[in-house]
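A.B. asks: what follows is a protein structure lacking sequence information:
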């Protein structure tokens, strides 16, 4: 080569800190969940993250357009290669960075729930706090005739001369 002008930059979606490189094999892809439109990048810091609620499983991406919204029932943090299912007791809409809790007195056994409608009231004789996958039975010797109870103290002791 007769001048620096004959040296080639790493392409968009790639970076390299190497000097004296002889091929583009020294160029590294931005990780999945990241992208870069810059050419000639010298460090991974040039790669931008997909925002929370979006993901990309493609390494070497060159644009934020490659970042796709998480489907309802899933969530992601920033720089995610994939979205994760909401756990039982939680739900989300599309493009969520976190899942919402089923409220106290409700439960949901479903993973990947897509709306609050999947959260059901705890039945009589049971209660739950927020984010419950199941409801807890009132303790022995106590009862509750109402649905949707939120704490153990909502269970009433059985009257004198009775038990449960």
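C.D. replies: Received, thanks. Everything quoted here is computed from the prediction, not taken from an experiment.
A.B. asks: quick one, phi/psi of the residue nearest to residue 18 when sequence neighbours are not counted?
C.D. replies: Computed as C-beta to C-beta, 6 or more residues apart in numbering, the closest residue to residue 18 that is not its neighbour in sequence is residue 26, at 4.4 Å. Heads up, the C-betas are built off the backbone N, CA and C, glycines and all. Here is the backbone geometry of residue 26 (degrees, to the nearest 10): phi -80, psi -10.
A.B. asks: what about residue 26, neighbour count?
C.D. replies: 15 (other C-beta atoms under 10 Å).
A.B. asks: got the contact list for it?
C.D. replies: Residue 26 makes contacts with 10, 16, 18, as judged by C-beta atoms under 8 Å, 6 or more residues apart in numbering.
A.B. asks: could you identify which of those residues has the most neighbours?
C.D. replies: For the contacts of residue 26, neighbours tallied by other C-beta under 10 Å; top is residue 10, 22 neighbours.
A.B. asks: need the three-state assignment for that one.
C.D. replies: Secondary structure, DSSP: H, G, I helix; E, B strand; the rest coil: residue 10 is coil.
A.B. asks: that one is in contact with residue 40, isn't it?
C.D. replies: Yes: in terms of C-beta atoms under 8 Å, residue 10 counts as a neighbour of residue 40; the distance is 6.3 Å.
A.B. asks: before we move on, back to that, which pLDDT value belongs to the residue nearest to residue 18?
C.D. replies: For residue 26, the pLDDT comes out at 93.
A.B. asks: state the distance from it to residue 74.
C.D. replies: 36 Å (C-beta to C-beta, to the nearest Å).
A.B. asks: surely residue 87 touches residue 99?
C.D. replies: Yes: between residue 87 and residue 99 there is a contact under C-beta under 8 Å: 7.2 Å.
A.B. asks: looking at those two, which one has more neighbours?
C.D. replies: In this view residue 87 and residue 99 are compared by other C-beta under 10 Å, and residue 99 has more residues nearby, 21 against 15.
A.B. asks: residues contacting the more buried one?
C.D. replies: Each residue near residue 99 by C-beta under 8 Å, 6+ apart is listed here: 75, 86, 87, 90, 91, 92.
A.B. asks: can you read off the pLDDT for the second one?
C.D. replies: When you say that, I think you mean residue 86. 98.
A.B. asks: repeat that for the fifth one.
C.D. replies: At residue 91, the pLDDT value in this model is 97.
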